[in-house]
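>>> Structure of the sequence below:
(2 chains, ligands or ions: 1)
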Amino acid sequence: MALPQFQAAPQFEEYVNATDLSAAVAALADGQGTPVAGGTDLWVQKELPGAVAGDRLVNIKNVPELKGIAAADGRIRIGALVTMTEILGDGRLKDAAPILAIAADRFASVQIRNAATIGGNVANASPAADMMPPLLCADAAVELAREEGGAISTREVTLSEFFTGPGRSVRESNELVAAVIVPIQPGRYAGFCKSGPRPALEIARVSMAITGEAAGGKLTNPRIAFGAVAPTPIRCTQTEALIDGKPLDDELIARALETMDGEISPIADHRASEWYRRHLARTYLEQELRHVRDG
Amino acid sequence: MDPIEKKEIVGSRVTKLDAPEKVAGRVRYVNDMTLPRMLYAKVLRTDRVHANILSIDTSKAKALPGVHAVITAADTPKFGIGVLKDNPPLKGDKVRCIRDEIAAVAADTEEICDAALRLIEVEYEDLPTVFETVDALAEGAPVIHEDRPDNIAMLHEFKAGDLEAGEAQAVHIFEDEYDVHYVTHCNMGASCCLADVDTDGRVTLYSQTQYPFIMKMDIAPSLGIHPGDLRIIQPPVGGAFGAKLDVYPNEPICVLLAMETRRPVKLLYSREEEFIVSPTRQPVEFKIRSGMTAEGKLTFRDVDSRLNNGGYTSWGATTPYVSMRTGTSHYKVDNVSYRARAVYTNNPFAGSFRGYGNVQATWALETHMDQMAEIVDQDPVAFRLLNSNEQGDVTPQGAKLNNIDLKGCITTAAEESDFLKKWQANLGQWDSPERFKRGIGIASSLHNAGGAKIHKSDGCGTMLKMDDYGRVTVITGASEIGQGIDTVIAQIMSEELGIPMRDVTLVMNDTATGPWDVGVHASRTTYIAGKSAQRAARKAREQILAAASRQSNVSPDELDLRGGHVVQMKDGEPVMPLDRLLRQMHFAGEDAELVMVSDYYEPPSEPEDENRYGDMSASYSHAAHVAEVVVDTMTGEVKVEQIWSAQDVGKVVNPVGLEGQIEGGIAVGIGYALSEELQLKDGIVQNPFFRDYHVMTAPEMPPIHMTWLETNDEEGPLGAKGAAELPTIVIAPAIGNAVYNATGVRFNHPPLTPEKIARGIWERKQQMRAAAE
Ligand SMILES: Cc1cc2nc3c(=O)[nH]c(=O)nc-3n(C[C@H](O)[C@H](O)[C@H](O)COP(=O)(O)OP(=O)(O)OC[C@H]3O[C@@H](n4cnc5c(N)ncnc54)[C@H](O)[C@@H]3O)c2cc1C
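Take a look at the predicted model:
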C-alpha cells in the first residue's frame, strides 16, 4: 500500500547560499548537497526517488554563471537558472529553436513559469517534464559542472543519453546542471501537444514534440519525442527514420503510428491508463503528421 | 434642507463588507492566530484501514524535550462524535479507515510534534477489509462496527401512492444506474482550531465551525465541560462549504490537549491532511426506475440508493433528507418510492458539502430525465415542462410549493441560450468526421430555500442597539463564514433605518455574545438571520417613529427614516436629524428610553415525521442551467463554452453577492462534473494534492449568463429566498447532457474525465464499425 506522506517538505540540516559557481560546486563536492533553484519541484516533491540528495540545501539562485541565454559557436547556451518566462521572451531562441517557446507557453501558469528553471526541469528528470520532448527535438546537450582538485570541471552529455530512469540521470550527486545547449536550427517545423482537462497547471498525461524540415507534404530530418509514455522522456528514432523525407500519405501515417506504438511503453497509474496514454500518443502524432502534410 | 428621497439599498450592488480587507490580505484567519504560551498540536494517524490496535507506546514521545502532552484513548474520556456518535476522537481498540487518529501531541513547535509522532509505537492486528457497499452488504462481510452487524449505518425509506398502479399505467419503463464519486471541499484555509482553557476550567475554542451553538451541546458534555463553559469564537474562515458542519476529531483533541497542558493549543492540518482527513461529499450508487405514459407523463418513480458511509457516520449518511426530496418530488409523480442505505466500509467518511445530497440526486435524476425524453422522442425542454411542478403543488412528502416558478426557470434558460435550435443541430453531427463537436444540455433542480428543519429549531436571534449618534450595533447569532450575511444584515439595517451601511457595526461569530442560531447550512442564513434582523430593525424603527411622532405631532405612519433623518413619508421633507432624536429620547429624565430591541425568529417549517412527511422548509426554489460545450472527440477533453443560469431567488438582496454565489457554485459544480475526484484504492486516497486533484481555475471558467426570477417569497426577508446551493446542484447534469448531445455517448458516472470520454467515444466507434461489417 502506497501511503501518502504527511510531511509537507523535505527537511535539511544545513543551508549554503552560493554566490558563484565555485562556491556552488564546492558545496556539492561531497555528494551531500541538494541544489535548489526555483523550488517548484523540490518543495512539493513527493514520489520521485533521489530528489533529495543530501542534508545540505544549496541555494544556487544567486550564481551568475548559471544565468542568462548566450550564443556561442553556432549554439545557444541556456543557463540552468533561465526560467520558462525568460525562454518565452527570448527572440534568438525563438529563431534558433522555436519548439522551446511553443512548449514553454503551455508550461504551468504564469506564476510557476516565473519561478521554474530549465535546469530544474532537466535535473528533476521526471518522465513528464514538459521541456524534455522539445529539447530532445532540438538536439540539446546538458552541461554539467563539478569541483575537481579545487577547480571547476565541466562535461557535456547529449540529452538523449542523460536520463536513466524516472527521477534518475547520469548526473552525479556532486554535479550541477550548469546549462542546456541547443544548436541553431532555424526554420524548422515545430509542433507541441500536451494533454490535460485544464489548460493551466496540468501534469501531462502525454506530451509530444515534433520538428523537422517541412515541405511538399514531407518532413525531412524529423525529430519526434514524447513525455510520460516511458520511464524517461524518449525520442522515437524508428518512427523518425520511417517517415524521413517521405510523402506523408495515409498509409505511411498509419505505419508511423504503429511504429511509434512499439517504441513507447506507457504505464497505468492514477492519472491515466496505458490504453489512454497510447491513444493520446497516436492522436497527437496523427494530428501533427496530417498537419505537416496538409500544410 | 432639501427633501430626502428614499434610497433603495436592498437590491442594489453593494460591495461585500469584508472584500477590501480580504483583497488587501489583511484578514487574520484562525490559521494566522497565536496566543501567548501557545503550543502546537499534531495527530498520529493510522496507516491501516481496518485493524485492531494491540498496543500504543507513547513513552519515548513523552520523554522528548519540548513535548508537553501526548494523549491517546487510554488517557481521555471515552465518547463518540458525529451523527451516530460512532467516531471516538482518539481510537483505542480499533481503526476503521485510513485517517484514524491514534494519538495527539502538544509541543513547543510543529517540528517537535513531528519528531514526537515518529517516536510513538503502535502494534496492530490487521482485519479483513471491505470497500464496496455491495460487498459490505453481503453475507459474511467484515463487520465495521460490532453493534451494526449488517453494516447498515442508516436507512431512509419513503413510499407514496401506488407503485404497482403506476407501473400498470406506464407505457414505457426505464431503468438505469448512476454512481457518483468522492470529491472534497478543497477549502483554501486548511482546518484549524485553537483551544484555550482558563484557570477556572472554562474553555474558549477558536473554531471554523459552521454551527457553533449546536457544537457546544455536541461536545461539551463529552469533554466533561458544562456547555455553558464552552465559548466558541469563529474568526474569519478560509472556506467551509459544509466541511465544518459536524464535530470532527480535531476539535475535541485540541480541547483535550489544552485541558491537559493548561496552555493554549493550536491544531492545524497540512494540505495532505486536509485532503485525507476532512470529510468528503457523500458518494452514492443510485438505481432509478421510472415509467411514463405514451405522451411522456411520469406515472411512477422508484429510487434505490446505497451510500458508501466509510468507517464512521457524519452528515453524509443524512444527505437523503435532501436527495429523497429530489427523488420523490422533483417533477410531478404521484407514485414514488425511495430507499437509501448508508453502508459502513473501510473508506473515508463523508460529511456535508454545499448542495448536500442534492448534487448527487440531481445528477442522477436529470441524466435519467434526459434519457426518458429520448424514449418518447421529445426534446429535453418539452419533456421537462410537461412534467413540471406548479405553483401551489404539495409534493408527496408534504412540501408546499408556494411562490415557485419551475417552468419559468426552464423556459428562460432555454430561450436565453437558443437551446432547441442548437440542440437539434448538434444531434445530426454525431457521426460526422469533425473532431471537435458541440453539445448543449439542460437540467433543473428543486431545493429548500427557507432553511431546513432538521433540528428541533431552525431559528436565529438578533439584538440591536442604537447609540446617541445614530450608529447601530447588531448582535446576531448568524455566523459569517465568507458567504456575506454581514453585508446582507447591514443592507437590511440601512434600508429599514435609513442610515448608511457603514454606520452599522456587526457583532457576531461568538457564542458568548450572540443569541442562538442553528448554523450556516441549507442556504438558510439570508432567509432566517436576515428575517430576524429585519424584524429587529422594524421594532427599532417603530420605537423611533413613535418618539418622533410625539415630538412632531405627525402620525408615525406619515413618517419615514431616510438619510439619517426622520422625514415626511409623502415628500421626504426632513423633520429632524435621527441622532438628535436619539439623544432626546435618551436624555429625557423620567421618560428616558434607549433604542435596544431583540428578536427571535423561528421559521414556520416543520420537521419530517417518522413517515418522512412534512413541510421541512419555509420556502422552496428552482433553477435551470444550460451548458454549451465543445468536446475533443479524440482526447476527450471538454471545454465548457457558455452557461445560462435561470434561478428563482425570490428577491435579489445584493446582486454582487448573488453573482458571487452563482459563479462560485458553478465552479464547484463544473469540477464535480468534469475533473474533481478523490481517488481511492483499497481505502487510501491516491491524490491528496492539488497536483492530481483538479479544481477549476480561473482560465477555465466560462462566461455565465444569469437571469433571476423574482417570485417574491411571502415569508422571506423582503421577499428573498436562499440561493447559495442551487448553482452547484444544477450545473453538473447540464454538462453531462451537453456531452451526450455532442457525442451520442451517455456517461452516467461523473467525473467525465477526458479518458472516460475518449474511451466511450472510441468504444462507440468500434461498435458502429462492427455493426457496419
Ligand atoms: C503548480 C505547478 C505546476 C507545474 N507545472 C509543470 C508543467 O506544466 N510542466 C513541467 O514540466 N513541470 C511543471 N511543474 C514542475 C516544475 O515547475 C518544473 O519541473 C520546473 O522546471 C522545476 O524547476 P525549479 O527551478 O523550480 O526546480 P527546483 O524545485 O529548484 O529543483 C528541482 C530538482 O532539481 C534539482 N536541481 C535544480 N536545479 C538544479 C541544477 N541546476 N543542477 C542540479 N540539480 C538541480 C533540485 O535539487 C531538485 O531535485 C510544475 C510545478 C508546480 C508546483
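>>> How about the closest residue to the ligand within the stretch 151-295 of chain A: what's its closest non-neighbour residue?
Here the stretch 151-295 of chain A gets closest to the ligand at one residue, A:Val177, 3.6 Å apart by C-beta to the nearest ligand atom. Glycine gets a C-beta too; all of them are placed from N, C-alpha and C. Using C-beta to C-beta, 6 or more residues apart in numbering or on different chains and skipping residues adjacent in sequence, the residue nearest A:Val177 is A:Gly119, 4.4 Å away.
>>> now swap in A:Ile112 and tell me
A:Thr40 (5.6 Å).
>>> I'd like to know how far the one you found sits from A:Gly191.
26 Å (C-beta to C-beta, to the nearest Å).
>>> Can you tell me how far the residue in the stretch 551-700 of chain B that the ligand sits nearest to is from chain A?
Closest to the ligand within the stretch 551-700 of chain B is B:Arg691: 6.7 Å, counting by C-beta to the nearest ligand atom. Per C-beta to the nearest C-beta, to the nearest Å, B:Arg691 is found 6 Å from chain A.
>>> List the contacts of residue 55.
Here I'm looking at chain A. A:Phe12, A:Glu13, A:Glu14, A:Gln32, A:Thr34 (C-beta atoms under 8 Å, 6 or more residues apart in numbering or on different chains).
>>> that answer is for a different chain, and I need it for chain B
So B:Ser55 contacts B:Glu121, B:Val122, B:Glu123 (C-beta under 8 Å, 6+ apart).
>>> Would you show me how to pick out the buried ones of those in ChimeraX?
Buried residues among the contacts of B:Ser55 (16 or more other C-beta atoms under 10 Å in any protein chain shown), as a ChimeraX selection:
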select /B:122
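>>> quick one: which of the contacts of B:Ser55 sit in strands?
Counting by DSSP state E, the contacts of B:Ser55 place B:Glu121, B:Val122, B:Glu123 in strands.
>>> For the closest residue to A:Arg255 other than its chain neighbours, pull up the helix or strand it's in.
Of all residues not flanking A:Arg255 in the chain, A:Leu242 sits nearest, at 6.4 Å (C-beta to C-beta, 6+ apart). Assessed by DSSP states H and E, A:Leu242 sits inside helix A:237-243.
>>> And the strands in the stretch 651-773 of chain B?
B:680-681, B:684-685, B:704-709 (DSSP state E, counting those that start in this stretch).
>>> And for the stretch 301-450 of chain B?
According to DSSP E, counting those that start in this stretch, the strands that the stretch 301-450 of chain B contains are B:335-344, B:436-448.
>>> Now distance to the ligand too, for the ones you listed, in TSV please.
Formatted as TSV, those follow (distance: least, C-beta to the nearest ligand atom, whole Å):
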stretch	distance to the ligand
strand B:335-344	37
strand B:436-448	23
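>>> Kindly reformat those strands as TSV and extend each row with mean pLDDT and distance to A:Thr83.
Shown next, in TSV, are those (pLDDT from 0 to 100; distance: least, C-beta to C-beta, whole Å):
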stretch	mean pLDDT	distance to A:Thr83
strand B:335-344	98	51
strand B:436-448	98	33
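>>> of those, which approaches chain A most closely?
strand B:436-448 (11.8 Å; C-beta to the nearest C-beta).
>>> Which elements pack onto the helix or strand just after that closest one?
Next helix or strand after strand B:436-448 toward the C-terminus (DSSP H and E): strand B:460-466. If you count contacts as 3 or more C-beta pairs under 8 Å, 6 or more residues apart in numbering or on different chains; DSSP states H and E, strand B:460-466 packs onto strand B:472-476, helix B:525-552, strand B:596-601.
>>> outside of the first one, which residues touch it?
By that I understand strand B:472-476. Residues contacting strand B:472-476 (C-beta under 8 Å, 6+ apart): B:460-467, B:485, B:489-490, B:493, B:497, B:499, B:503-508, B:513-515, B:517, B:529, B:532-533, B:536, B:540.
>>> so which strand or helix has the residue in chain A positioned nearest to the ligand?
Closest to the ligand within chain A is A:Gly120: 2.2 Å, counting by C-beta to the nearest ligand atom. Assessed by DSSP H and E, A:Gly120 sits inside helix A:118-124.
>>> got the CA positions of that helix in CSV?
In CSV, the C-alpha atoms belonging to helix A:118-124 read as follows (Å, rounded to 0.1, in the frame of the first residue of the first chain):
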residue,chain,number,x,y,z
ILE,A,118,15.2,24.9,-17.2
GLY,A,119,18.0,23.4,-15.1
GLY,A,120,15.4,22.2,-12.5
ASN,A,121,13.2,20.7,-15.2
VAL,A,122,16.2,18.8,-16.6
ALA,A,123,17.7,17.8,-13.2
ASN,A,124,14.5,16.7,-11.8
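>>> From B:Gly665, how far off is the residue nearest to the spatial centre of chain B?
For chain B, the residue nearest the mean C-alpha position is B:Arg354 (2.5 Å; C-alpha atoms, centre = their mean). According to C-beta to C-beta, B:Arg354 stands 7 Å off from B:Gly665.
>>> Need the residues touching each of the two.
With contacts taken as C-beta under 8 Å, 6+ apart, B:Arg354 and B:Gly665 have B:Ala724, B:Glu725, B:Thr728 as neighbours in common.
>>> who are the neighbours in contact with the second one?
What that stands for is B:Glu725. By C-beta under 8 Å, 6+ apart, the neighbours of B:Glu725 are B:Arg354, B:Gly355, B:Tyr356, B:Asn358, B:His447, B:Ala522, B:Ser523, B:Gly665.
>>> closest to A:Ala104 among those residues?
B:Gly665 (35.0 Å; C-beta to C-beta).
>>> Now do the closest residue to B:Val472 other than its chain neighbours, the pLDDT please.
Of all residues beyond its chain neighbours, the one nearest B:Val472 is B:Val504 (5.0 Å), with distances taken as C-beta to C-beta, 6+ apart. For B:Val504, the model assigns a pLDDT of 98.
>>> One more: the one 3 residues further on?
What the model reports for B:Val507 is a pLDDT of 98.
>>> what is the residue nearest to it when sequence neighbours are not counted paired to in the beta sheet?
Closest residue to B:Val507 apart from its sequence neighbours, by C-beta to C-beta, 6+ apart: B:Ile475 at 4.4 Å. B:Ile475 has these beta-bridge partners by DSSP bridges: B:Met463, B:Val507.
>>> how much space is there between whichever residue of the stretch 501-650 of chain B sits closest to chain A and A:Leu285?
Across the stretch 501-650 of chain B, the shortest distance to chain A (C-beta to the nearest C-beta) belongs to B:Met634, at 4.3 Å. Going from B:Met634 to A:Leu285 by C-beta to C-beta gives 12 Å.
>>> higher neighbour count, the two?
Using other C-beta atoms under 10 Å in any protein chain shown, the more surrounded residue of B:Met634 and A:Leu285 is A:Leu285, with 25 against 19.
>>> Can you tell me the element the nearest residue to that one once chain neighbours are set aside falls in?
Sequence neighbours aside, A:Met260 is the residue nearest to A:Leu285 in space, at 5.6 Å (criterion: C-beta to C-beta, 6+ apart). Assessed by DSSP H and E, A:Met260 sits inside helix A:250-263.
>>> now that helix: how far from the chain's centre is it?
24 Å (C-alpha atoms, centre = their mean, to the nearest Å).
>>> buried ones in the helix or strand just after that helix?
Toward the C-terminus, helix A:250-263 is succeeded by helix A:274-294 as the next helix or strand (DSSP H and E). Residues of helix A:274-294 classed as buried by neighbour count (16+ other C-beta under 10 Å): A:276-289, A:292-293.
>>> and chain A, which residues reach the ligand?
A:34-42, A:44, A:51, A:60, A:80, A:107-108, A:112, A:115-117, A:119-121, A:123-124, A:129-130, A:176-177, A:201 (C-beta under 6 Å from any ligand atom).
>>> how about the helices in the stretch 501-650 of chain B?
B:525-552, B:578-586 (DSSP state H, counting those that start in this stretch).
>>> will you turn those helices into TSV that also has mean pLDDT?
Formatted as TSV, these follow (pLDDT from 0 to 100):
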stretch	mean pLDDT
helix B:525-552	97
helix B:578-586	97
